[in-house]
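1. Starting from these lines, generate the structure:
(2 chains)
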Amino acid sequence: MEQKSKKRVLYDRGLRILLWVCASITCLLLLLLIGYIFVNGFPNITWHLLSTEPSFRNDTIGILPNLINTLCLILGTCLIVLPLGTGAAVYLTEYAKNKRVVSVIEFAAETLTGIPSILYGLVGMLFFCELLGWGGSIRAGIFTMVIMVLPTIIRTTQESLKSVPQSYREAALGLGSGKWHMIRTVVLPCSIEGIVTGFILAIGRILGESAALLFTAGSASVLSNSLQQTLNSSGGTLSVALYMYVSERGELQVGFAIAAILMVLALLLNICAKVAGTKLKR
Amino acid sequence: MKRFSEGNGQGGMELPRTKGIRAAFEKGMNILFFLCGAVAVLFVLFISIYLIISGLPAIREIGLFPFLFGQEWASTASEPKFGILPFILTSIYGTAGAIVIGVPVGFMTAVFLAKIAGPKVASAIRAAVELLSSIPSVVYGLIGMTILVPAIRSAFHLASGATLLAAIVVLAVMVLPYIISVSETALTAVPKEYEEASLALGATEIETYFRVSVPAASSGIAAAVVLGIGRAIGEAMAVMMVAGNVANMPSLLESVRFLTTAVASEMSYSSGLQRQALFSIALVLFLFIMLINAALALLLKKGKKD
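-> Numbers count the residues shown, from 1 in each chain, chains lettered A, B, ... in the order given. As a prediction, the model looks like this:
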């Protein structure tokens, strides 16, 4: 009896310690990663880096074009994917009567989530860049990202649509509202926090994406004169630029500077997502 | 009188017409939303068909067996060889290694989060995990290149530290947040009564968590592992930056090439059969991912039923 209870105490203690150790490893890992990036990155962020384009003549590097490309990609993608994804979610929760159809669409969205970004890059390159003849351009990048981000938008929006109480819908319909009017004035405003969260997640995904964009939007770092030109020409986002500078040119310092910028943006987005989740709900 | 009846008549005419317009409008909106939903299905079909169509020609030309089991990849040689066994095995070993390291740590962290941590500590760790998952893969690659690769080089006295081992460690860190968050969800969903019953029978808290809660959440935890496998096998850029990118048969301390990096590294300059062979590699990768997806869907469904 004594023996067994000793064994049990040991089991209990041992596992408890192991749990604490593993949780601490996870947290320490994050702190170390962030600390390392910030310590190496911040000293290398200069105004010159942020505000110029790379110049071979002066042998300087600037990431302004990459910042603009990233912004264009984010805005362009969200402009298409937000209505599309929200529409799909509305169909799934409000309109669809056939359970089969719902499960097929949900299965498709799950499948899209699981496909690696390099495959998106490949298909995007084959279809948008070559078959449609767009070449390596931000436009091709935008459409590739639309396919990639769609399931995220569908899922977050769908979840918040589901949380709108059924009685709201019944009340609106009972007052004589049409279905679309009911959705537009009651259901969608009530689930705004899900749509905003989806938007934030999409931004994060596009910021961090590199493999899919390298083959569709390319990696150029040139300032364009107009929006039209930006969309039609090749342009690397911050993540792609990081890869190019580090792997192709060995510019580790620029790499760390971009990494620090990306980390700050990721932090900000995480905070925004938290705030959107709690504040907008009221 | 005439005007009145006219007005009346018009009103009577108009009512069904607006009703008709309204019904047509609602019908239109219904169709519009259905199209939005159908787009997701179209995308999946489109990607699958595209990958199959572009991947098959090279396999047909090289032959399925020599392609899948050929041990040598020399795509630019005068007598090119297109055997992708090194890539397949590297992807499998690399993923297995990442899971072996990542799952225990992730699983334990999830148990800690779901059962032991107080609400404040838990929400802090949860925020940390979310942040880990939002770090871009190129940043992981950069950190791996500057810390891990030199460390491995000096620890094992190698000419270069860009090895399978470096890739495994980077992948292990990258899959960690997915494993933690999915397992935690499964563990929190275990009914309180199970745990209370076990505690009432005299089991300690830890015994309860590991012998009651964990088995009850097993299919959710299995789903977490499968999700981790999917993420690890599909990762390209981080691995490309730390694995050295040489088409060797996998060995822990040698430079290797994964399925993903095989596609990525030659895509920009390939042509002809070499290019088509890259599409075939993508097809093989896609089939792997579809298998993993199917397993994941099954496990999640089972978890819901339990």
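
2. Only the buried residues of stretch A:23-38, if you could.
-> Residues of stretch A:23-38 classed as buried: A:23, A:26-27, A:30, A:33-34, A:36-37 (neighbour count, 16 or more other Cβ atoms under 10 Å in any protein chain shown). Placement of C-beta: from N, CA and C, glycine included.

3. Sort out for me which of these are in helices.
-> A:23, A:26-27, A:30, A:33-34, A:36-37 (DSSP state H).

4. List, out of those, those positioned next to chain B.
-> With the criterion set as Cβ under 8 Å from any Cβ of the partner chain, the members of those near chain B are A:23, A:26-27, A:30, A:33-34, A:36-37.

5. ok, which pair from those is furthest apart?
-> Across those, no pair lies farther apart than A:23 and A:37, at 22.1 Å, counting by Cβ to Cβ.

6. Let's see the pLDDT reported for residue 232.
-> By default, I'm working from chain A. What the model reports as pLDDT for residue A:232 is 81.

7. wrong one, I was asking about chain B
-> 93.

8. Which of the helices or strands spans it?
-> In the assignment (DSSP states H and E), residue B:232 maps to helix B:218-234.

9. Tell me how far that helix lies from the chain's centre.
-> Offset of helix B:218-234 from its chain centre (Cα atoms, centre = their mean, to the nearest Å): 8 Å.

10. Tell me the helices and strands packed up against that helix.
-> helix A:117-124, helix B:85-111, helix B:164-188, helix B:259-267, helix B:272-305 (3 or more Cβ pairs under 8 Å, 6 or more residues apart in numbering or on different chains; DSSP states H and E).

11. Indicate whether the last one makes contact with chain A.
-> So the one you mean is helix B:272-305. Yes - using Cβ under 8 Å from any Cβ, helix B:272-305 reaches chain A at B:279, B:282, B:285-286, B:289-290, B:292-293, B:296-297.

12. give the contact list for the residue nearest to the spatial centre of chain A.
-> Nearest residue to the geometric centre of chain A (Cα atoms, centre = their mean): residue A:205, 1.8 Å. Contacts of residue A:205 were listed using Cβ atoms under 8 Å, 6 or more residues apart in numbering or on different chains, and they are A:145, A:148-149, A:152.

13. just checking, it is part of a helix?
-> Yes - assessed with DSSP: H, G, I helix; E, B strand; the rest coil, residue A:205 lies in a helix.

14. any weak-confidence spans in the stretch 101-250 of chain A?
-> Judged against pLDDT under 70, the stretch 101-250 of chain A has no low-scoring part.

15. can you tell me the residue of the stretch 101-250 of chain A closest to chain B?
-> residue A:116 (2.7 Å; Cβ to the nearest Cβ).

16. And for residue A:187, nearest residue in space, chain neighbours not counted?
-> residue A:164 (5.4 Å; Cβ to Cβ, 6 or more residues apart in numbering or on different chains).

17. Number of residues surrounding the one you found?
-> 19 (other Cβ atoms under 10 Å in any protein chain shown).

18. Specify the local secondary structure of it.
-> The three-state label for residue A:164, taken from three-state DSSP, comes out as coil.

19. Just list the residues touching it, thanks.
-> Taking Cβ under 8 Å, 6+ apart as the criterion, residue A:164 is in contact with A:186-187, A:190-191.

20. could you say what helices and strands the least confident helix or strand in chain B by mean pLDDT packs with?
-> The least trusted helix or strand in chain B, going by mean pLDDT, DSSP states H and E, turns out to be helix B:2-62, with a mean of 76. In terms of contacts (3+ Cβ pairs under 8 Å, 6+ apart), helix B:2-62 is packed against helix A:64-90, helix A:99-114, helix A:117-124, helix A:138-162, helix A:179-182, helix B:272-305.

21. Quick check: the two most widely separated of the contacts of residue A:205?
-> Farthest pair in the contacts of residue A:205, by Cβ to Cβ: A:145 and A:152, 10.9 Å.

22. Looking only at neighbour counts, state which of the two leads.
-> Using other Cβ under 10 Å, the more surrounded residue of residue A:145 and residue A:152 is residue A:145, with 29 against 21.

23. Make sure that one is actually in contact with residue A:77.
-> Yes - in this structure residue A:145 lies within contact range of residue A:77 using Cβ atoms under 8 Å: 4.3 Å.

24. what residues do those two have in common as contacts?
-> residue A:206.

25. Run through the residues that contact the most centrally placed residue in chain B.
-> Centroid-nearest residue in chain B, with Cα atoms, centre = their mean: residue B:231, separated by 3.3 Å. Residues near residue B:231 by Cβ under 8 Å, 6+ apart: B:174-175, B:178.

26. ok, now residue A:18?
-> Residue A:18 makes contact with residue B:108, according to Cβ under 8 Å, 6+ apart.
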